[in-house]
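1. have a look; sequence and predicted model below, questions after that.
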Amino acid sequence: MARKRRVVVTGASLAGVRTARALRDRGFDGEVVLVGAEERLPYDRPPLSKKLLAGEVPLSGIQLLSRDEADALDLDLRLGCRASALAPARRMLALDTGEQLRYDDLVIATGSAARMPTDWEAYAGVHVLRTADDALALRSALAGSPHVAVVGGGFIGCEVASTARGLGCDVTVFEPLAAPMARVLGYEMALDLAGIPLDAGVRLRCGAAVERLEGNERVERVRLTDGSVVPADVVVVGIGARPVTDWLSGSGVSVADGVLCDEHCATSVPDVYAAGDVARWHNPLFGREMRIEHWTNATEQGAFVARTILEGPQSGGYAPVPFVWSDQHGVKLQIAGVPDPSHRVRIVEGSVAQRRFVALYERGERTAGVLAVNSPRGMVTYRRRLAQDDAAEGPAGARFAARPVAQPGD
Amino acid sequence: MQILVDRGKCQGYGNCAVAEPRVFDLDENGIVKVLVDAPSEELRDQVKYAVLDCPARALHLEG
């Protein structure tokens, strides 16, 4: 009897789990092996900075895949081990347990890891937020209303600040640009929205970089480049993430701030694909490479890769309109497309003063991105419009103002 | 095929309404509104994807 085709998915977070589910959904009856670095069953990450951190849901409430579901889908779930090397010529994936897994198709969904300056790690009281363990550790640290310093005013930093403030902590956000979220939203919108954390009682220290942390065993202070010093019992570092690709060195898979993929999410090596945070692929809609560290992309790209593995290259390639949301201090921020600080911003619905509006980011006649604040209905309208424009005008991305570098992700 | 909605869980992310506009929309309050409770079989794939792509897990499919 011929052996069964085997798809190995390395990475058991959203992109990996969605890939595995989609393979079965589409009727794949070969072997599916899902390799996860953490011992825990796969879980959803957005609640880590919000409801899980706030203690409003337990870990069991954010599971992505239960044992029973994995069994029902006939997934060979390998938890607590990570990919350590890839040998495409032999179609072998090596795990850090010493095991070698043969594959017919491989999906790289190893995600990203939180960045942390090496000399900060030594202090107790310094946290990042990437895994469930990180979130549980931070939740413990936030008990007792400590002084919390959040370094980095991006998505993670702003959400942690919101949750910590809601728990009654004294919170200061440190952001080197002029306002939180400025890197994503540009100065105009970011400055308009800075009132949201301020009204909630969060202190903002913008426009100065953190020079170093100070303390003994525990962190005690944050020192800024402008010479000022702010006391801190807990420091949360939210300065971005790096794709987990170190294990691919020497494999022949091309890597440059992510696994390089074509418009079909195929890597430089045959039958090896990438999805989720780790994938830097060519988005035909925008005519350039992107790497996106957000929920909706992970699920869509995982489903796309599964389909490509089973059916071959899909016409048009993987050409999504990126979408991300952030809930901060009871305000819903939603971003679609690729806003860029250099774009002209036009309010097309609602009022900035009332914190309920839709803003378009435009370059020339083209819409590149959409920001919706407390306007989910408006956002749906514009997301649909962007998708339709794509269908009407083909994959050249004529309606979209691409920017040459950078990424929409945090 | 029957779509079950937990409006209390809906956060207005709108992924469903973008994935399958013939079946899902958001109301004025930004909460999901199902336009067709029992969509035809030909929409099954899209509906299934809309359900899986709901970050709030407010949608379920029966049958």
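-> Received, thanks.

2. which of the residues in the lowest-mean-pLDDT helix or strand in chain B are buried?
-> When each helix and strand of chain B is scored by mean pLDDT, DSSP states H and E, helix B:44-52 comes last, with a mean of 91. By neighbour count with 16 or more other Cβ atoms under 10 Å in any protein chain shown, helix B:44-52 contains the buried residues B:46, B:47, B:48, B:49, B:50, B:51, B:52. From N, CA and C alone the C-beta is placed, and that goes for glycine too.

3. domains in chain A, by residue range?
-> A:6-113+A:247-311, A:115-239, A:330-396 (automatic domain parsing).

4. closest one to chain B among these?
-> domain A:330-396 (3.2 Å; Cβ to the nearest Cβ).

5. tell me the bridge partners for the residue nearest to residue A:283 when sequence neighbours are not counted.
-> Using Cβ to Cβ, 6 or more residues apart in numbering or on different chains and skipping the chain neighbours, the partner closest in space to residue A:283 is residue A:290 (4.9 Å). With DSSP bridges as the criterion, residue A:290 is bridged to residue A:281.

6. ok, now which ones touch the closest residue in space to residue A:54 that isn't next to it in sequence?
-> Closest residue to residue A:54 apart from its sequence neighbours, by Cβ to Cβ, 6+ apart: residue A:163 at 5.0 Å. By Cβ atoms under 8 Å, 6 or more residues apart in numbering or on different chains, residue A:163 lies in contact with A:49, A:50, A:53, A:54, A:142.

7. taking the residues you listed, tell me the two that lie furthest apart.
-> The most widely separated members of those, counting by Cβ to Cβ, are A:50 and A:142 (13.0 Å).

8. these two: who's more crowded?
-> residue A:142 (25 against 19; other Cβ atoms under 10 Å in any protein chain shown).

9. picking that back up, would the residue nearest to residue A:54 count as being in a helix?
-> Yes - counting by DSSP: H, G, I helix; E, B strand; the rest coil, residue A:163 is found in a helix.

10. rewinding a little: can I get the buried residues of helix B:44-52 in a markdown table with distance to residue A:313?
-> Output for the buried residues of helix B:44-52, formatted as a markdown table (distance: Cβ to Cβ, whole Å):
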| residue | distance to residue A:313 |
| --- | --- |
| B:46 | 21 |
| B:47 | 25 |
| B:48 | 22 |
| B:49 | 19 |
| B:50 | 24 |
| B:51 | 26 |
| B:52 | 23 |
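
11. so where do the helices sit in chain A?
-> A:14-25, A:51-54, A:67-72, A:132-142, A:155-166, A:182-193, A:195-199, A:295-311, A:376-393 (DSSP state H).

12. next, see if the first one gets close to chain B.
-> Yes - in this structure, helix A:14-25 sits against chain B according to Cβ under 8 Å from any Cβ of the partner chain; the contacting residues are A:18, A:21, A:25.

13. out of those residues, who's nearest residue A:235?
-> residue A:18 (33.3 Å).

14. surely the closest one touches residue A:295?
-> No - judged on Cβ atoms under 8 Å, residue A:18 makes no contact with residue A:295 at a distance of 10.3 Å.

15. have a look at the two and say which one is more surrounded.
-> Per other Cβ under 10 Å, whichever of residue A:18 and residue A:295 has more neighbours is residue A:18, with 30 against 21.

16. any idea how many residues pack against the residue nearest to that one when sequence neighbours are not counted?
-> Spatial nearest neighbour of residue A:18, excluding adjacent residues (Cβ to Cβ, 6+ apart): residue A:302 at 3.3 Å. By other Cβ under 10 Å, 31 other residues sit near residue A:302.

17. which stretches in chain B count as helices?
-> Going by DSSP H, chain B shows helices at B:15-19, B:44-52.

18. helix A:14-25 and the longest one, what's the angle between them?
-> Here helix B:44-52 runs at 150 degrees with respect to helix A:14-25, directions being taken by axes from the mean of the first three to the mean of the last three Cα atoms, to 10 degrees.

19. so which bits of chain B are right by chain A?
-> So far as Cβ under 8 Å from any Cβ goes, chain B lies against chain A at B:11-15, B:17-18, B:21, B:25-28, B:30, B:48-49, B:52-53, B:55.

20. if we use 6 Å, what do you get?
-> B:12, B:13, B:14, B:17, B:18, B:26, B:30, B:53, B:55 (Cβ under 6 Å from any Cβ of the partner chain).

21. and which of those residues is nearest to residue A:349?
-> Of the residues of chain B next to chain A, the one sitting nearest to residue A:349 (Cβ to Cβ) turns out to be residue B:30, at 12.8 Å.

22. isn't that closest one up against residue B:11?
-> No - in this structure, residue B:30 is not within contact of residue B:11 by Cβ atoms under 6 Å, at 8.4 Å.

23. the more surrounded of those two?
-> Neighbours were counted for residue B:30 and for residue B:11 using other Cβ under 10 Å; residue B:30 has more, 21 against 18.

24. which residues touch that one?
-> For residue B:30, the contact set (Cβ atoms under 6 Å, 6 or more residues apart in numbering or on different chains) comprises A:376, A:377, B:12.

25. show me where chain B has its strands.
-> Along chain B, counting by DSSP state E, strands occupy B:2-5, B:24-26, B:32-34, B:59-62.

26. touching the first one from outside, list them.
-> Contacts with strand B:2-5, where a contact means Cβ under 6 Å, 6+ apart, come from B:32, B:34, B:38, B:60, B:62, B:63.

27. closest one of these to chain A?
-> residue B:32 (9.6 Å).

28. okay, now the closest one: neighbour count?
-> Residues near residue B:32, counting by other Cβ under 10 Å, number 27.

29. can you name the residues that contact it?
-> B:5, B:10.

30. so for it, what's the pLDDT?
-> We have a pLDDT of 97 for residue B:32.

31. what pairs with it across the strands?
-> Under the criterion used (DSSP bridges), residue B:32 bridges to residue B:26.

32. so for residue 40, what's the pLDDT?
-> Since you didn't name a chain, this refers to chain A. 97.

33. let me rephrase: I mean chain B.
-> 92.

34. ok, how many other residues are close to it?
-> Residue B:40, neighbours per other Cβ under 10 Å, totals 11.

35. what are the phi and psi values at it?
-> phi -70, psi 160 (degrees, to the nearest 10).

36. contacts only, for it.
-> Contacts of residue B:40 (Cβ under 6 Å, 6+ apart): none.

37. contact residues of the stretch 301-410 of chain A facing chain B?
-> So the stretch 301-410 of chain A meets chain B at A:325, A:376, A:377, A:379, A:380, A:383, A:384 (Cβ under 6 Å from any Cβ).

38. nearest to residue A:61, of the strands of chain B?
-> The nearest among those, by Cβ to Cβ, is strand B:59-62 at 15.9 Å.

39. wait, which of the residues of helix A:14-25 next to chain B is closest to residue A:132?
-> Using Cβ to Cβ, these come closest to residue A:132 at residue A:18, 18.2 Å.

40. pretty sure that closest one is touching residue A:301, no?
-> No - contact criterion Cβ under 6 Å: residue A:18 and residue A:301 do not qualify, at 8.2 Å.
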